[in-house]
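J.: Sequence and predicted structure, then a few things I'm wondering about:
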Amino acid sequence: ERFAAVRPGLERELGRILARVHALPPGEIADLPGGDPLEGLAAMYEAFGEPRPAIELALRRLTRDRPPPGRDTVVVHGDFRTGNLMVTPEGVRGVLDWELTHRGDPVEDLGWLCVKAWRFGSPHPAGGFGSRAELLAGYAEGGGRVPSAEALRWWETYGTLRWAVLCRHQAERYLSGAERSVELAALGRRVCEQEHDLLLALGLTEPREVLDPLTGRPPSPAAPPHDRPGALELIDAVRAFLTDEAMPDGDERLRFHALVARSALGIAQRELLLGDAHRTAHDRRLATLGCRDDADLARAIRSGDLDDRMDEVIAVVRATVTDKLIVANPRHLSVPDV
């Protein structure tokens, strides 16, 4: 509530701040990297060796619909979003995390702030607290050149693809054994949120309400020779503990990690309930397209071999992403893009 007064004008203030950032002389900053952002993102994705049909669809569309390069190459912050702002009840007092700063198109920063992931379920597209129009009005007030709606949406979609790849990159820190972190582990199961958001941005799916498979679930039957409570019920007990007992007041970091752990246990429960059925359905869908696995389908999308059956391809990708989200975060399916 103490931020109620600052929220209404925040997006306009951020537009003015970005205009100031983009006015910095790039030549005066040593070792400022450049390069093609879409090519760099595609290379990072390919390095995982995990072909993903939804990502391939997005890469094709982004490549096809890419706006012409702007007249200006500027200093781009590279991670200008809500989590990297220092805000007081009087307004913005700092912009943090400059390690991704580079030369590029100024619309990249504007689009990144409007990516759906940074709205946290809010209906307001700019950071979850404002409109694109007010953000751009502030940008113009600060001396920035206002982009077209098409260019801004392209960079928003690019940003969603970027967050999908970065979620997988962060998860690799856990999967490789380099860093044992429940937060990093959970990020691996957020990739499908961004795959769904990409399909939304491309007009290839729509929001839908689904019932959480854990809602109203009957007690697990005994699994001889093991005793009750069963695996799903034990996970229930730990999730309840993390909700009710492991939330000490004043330790916000521990509270956050407890909530992440609770979410991860819910994912595990849903996968135990639905994993076999989803695997069977996924194999059946791929077989209708003559594909053995996701890698086969991803290669066919990239090569254009299935372009004459693109409606079927999109239906298969949409169904697969939906199944993944029903396990990872069923509520995400109902959140619209705006």
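T.: Received the coordinates, thanks. Numbering: from 1, shown residues only.

J.: can you give me the strands for this structure?
T.: Using DSSP state E, the strands of the chain run over 74-76, 85-88, 91-95, 102-104.

J.: Can you point out the buried residues in the longest one?
T.: Going by neighbour count (16 or more other CB atoms under 10 Å), the buried part of strand 91-95 is V95. Where C-beta positions appear, they are placed from N, C-alpha and C, glycine not excepted.

J.: hmm, back to that, do you know which of the strands of the chain lies nearest R145?
T.: Closest of these to R145 is strand 74-76, at 9.8 Å (criterion: CB to CB).

J.: Remind me what that closest one packs against, helices and strands.
T.: Under the contact definition 3 or more CB pairs under 8 Å, 6 or more residues apart in numbering; DSSP states H and E, strand 74-76 sits against helix 10-22, strand 102-104.

J.: Now do the closest residue to R299 other than its chain neighbours: how many residues are near it, please.
T.: Of all residues not flanking R299 in the chain, P51 sits nearest, at 6.5 Å (CB to CB, 6 or more residues apart in numbering). A total of 18 residues lie near P51 under the criterion other CB atoms under 10 Å.

J.: any idea how far P51 is from L204?
T.: According to CB to CB, to the nearest Å, P51 and L204 sit 18 Å apart.

J.: List the contacts of P89.
T.: 2-3, 5-6 (CB atoms under 8 Å, 6 or more residues apart in numbering).

J.: Tally up the residues packed near G203, please.
T.: G203 has 9 neighbours, counted by other CB under 10 Å.

J.: how close does it sit to Y45?
T.: Going from G203 to Y45 by CB to CB gives 22 Å.

J.: returning to what we had before: quick one: closest of the strands of the chain to R60.
T.: Proximity to R60 (CB to CB) singles out strand 102-104 among the strands of the chain, at 22.0 Å.

J.: So which other helices or strands are in contact with the closest one?
T.: strand 74-76.

J.: Pairing partners for the strand it packs on, with directions?
T.: The strands beside strand 74-76 in its sheet (DSSP bridges) come out as strand 102-104 (antiparallel).

J.: Quick one: residues in contact with the partner strand.
T.: With CB under 8 Å, 6+ apart as the test, strand 102-104 has contacts from 26, 32-35, 37, 73-76, 78.

J.: Distance from it to the middle of the chain?
T.: Here the centre of strand 102-104 is set off from its chain's centre by 22 Å, with CA atoms, centre = their mean, to the nearest Å.
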